[in-house]
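Colleague: Show me the folded form of this:
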Amino acid sequence: MGIELELHSGRPARKGPSRDTLLRGSYEHGEASARVLNSLDRHGSGKLGWVDPYGDTLFNEQEAQVARQEIATLTQRCTDDQQKAALLDLDELLEACAATPGSYLWFMGD
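Modeller: Modelled structure (predicted):
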């Protein structure tokens, strides 16, 4: 199980070519990202708990800004350097999404 991340300039097409809107992807931390995000309470108040490790989840720029506030707490709960690297990468993508009007961060679970 892993979660890949893609930052898009607009809402990505779920079927067909989504590369037209692709700004940046993160594919190397999938397993570690899944371990960290899967530990969150799905019914809690945080945005990152909404991420489906087996499906797709989209955050718009406003949701990305709110989710960034959760990264510091999650980093303290990491059990290894791979998880910390995954959260650092996630934080960079959330920051870029929050700063790019109309953008979306796509969490692609498997």
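Colleague: what's around the residue lying closest to His43 once chain neighbours are set aside, how many residues?
Modeller: Nearest non-adjacent residue to His43, counting by CB to CB, 6 or more residues apart in numbering: Gly49, 7.5 Å away. Yep, even glycine has a C-beta here, placed from its N, CA and C like the rest. The tally of other residues near Gly49 (other CB atoms under 10 Å) stands at 16.
Colleague: One more: the one 10 residues further on?
Modeller: The number of residues packed around Phe59, counting by other CB under 10 Å, is 24.
Colleague: quick one: it is in a strand?
Modeller: Yes. Using DSSP: H, G, I helix; E, B strand; the rest coil, the assignment for Phe59 is a strand.
Colleague: Is it in contact with Ala96, as I believe?
Modeller: No. With contacts counted by CB atoms under 8 Å, Phe59 stays clear of Ala96, the gap being 11.7 Å.
Colleague: State the three-state secondary structure for the residue nearest to His43.
Modeller: Gly49 - assigned by three-state DSSP - is helix.
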